[in-house]
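1. sequence-free structure coming up:
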């Protein structure tokens, strides 16, 4: 594997590849190839398999791919790994699925619902307040990036995939790393550490970010991705 890598970046719910623009730019500046895909999240006819189809088509015949999946895309990325050769899978603030578990059932079954409630109470926020995107997701994203985000059309996320059981019997045989945000209010750190250990046997790498590190701390996330690549190269 040469020094130039191919990163394929999958966005979370809403499927907007813009989420990755700061990370993609930094990786391209290093000379890497970056493919950030929009997923058909607004299409009620599309589910997890159709999301995977888009990623597989984007990868094409490339090998040595580092596949990076944000949040809900952790349900899609393993399906991609079953279909095309992936060098490394990196899950960022991920919804890590269990076999047969739908994204809709994940929240309760994973323990996220209880963990988030406890975290809200501990940090002095009302756990029964309606979910607020600024408090829950954008609290550590720089104001100029938030302003750019608010100028974009709000992506729609279809309910279709939330009713689909995750179809794999086990996690694919691909090297997997997990990045967790120390200040993630949606998936609190202790919860995500436990989930990654229980479901993947992986200890997450922690960065000082909330749930959206590619917008809040793109520098720290790029640093982690580059370090993972270097570790793979050294081990090869």
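-> Received it, and whenever you're ready, just let me know what you need. Remember, predicted model here, so these are calculated numbers, not experimental data.

2. Any regions of the chain where pLDDT drops low?
-> 1-3 (pLDDT under 70).

3. which helix is the longest one in it?
-> Looking across the chain with DSSP state H, the single longest helix is helix 218-235.

4. So what touches it?
-> Applying Cβ atoms under 8 Å, 6 or more residues apart in numbering, the contact partners of helix 218-235 are 1, 3, 5, 7, 22-23, 26-27, 30, 66, 68, 87-88, 90, 92, 175, 177, 179, 205, 207-209, 213-214. C-beta coordinates here come from the backbone N, C-alpha and C atoms, glycine included.

5. Same check on stretch 97-104?
-> Applying Cβ under 8 Å, 6+ apart, the external contacts of stretch 97-104 come out as 48, 72, 74-75, 78, 95, 106, 109-110, 159, 161-166, 168-170, 199.

6. where exactly do the helices run in this protein?
-> Taking DSSP H as the criterion, the chain carries its helices at 21-29, 48-59, 77-81, 103-110, 112-122, 133-136, 143-150, 189-200, 213-216, 218-235.

7. can you tell me which residues contact the residue most central in space within the chain?
-> Central residue of the chain (Cα atoms, centre = their mean): residue 70, 1.3 Å from the mean position. Residues near residue 70 by Cβ under 8 Å, 6+ apart: 9-12, 19-20, 92-94, 212, 214.

8. Show the contacting residues for the nearest residue to it once chain neighbours are set aside.
-> Spatial nearest neighbour of residue 70, chain neighbours left out: residue 12 (4.1 Å); criterion: Cβ to Cβ, 6 or more residues apart in numbering. Under the criterion of Cβ under 8 Å, 6+ apart, the neighbours of residue 12 are 19, 70-73, 93.

9. Show me those that map onto strands.
-> Using DSSP state E, the members of the contacts of residue 12 that fall within strands are residue 70.

10. Highest neighbour count among the contacts of residue 12?
-> residue 73 (30 neighbours; other Cβ atoms under 10 Å).

11. before we move on, the earlier item: so which of the helices of the chain is the most packed in?
-> Sort those by mean neighbour count, taking mean count of other Cβ atoms under 10 Å, and helix 213-216 sits at the top with a mean of 26.
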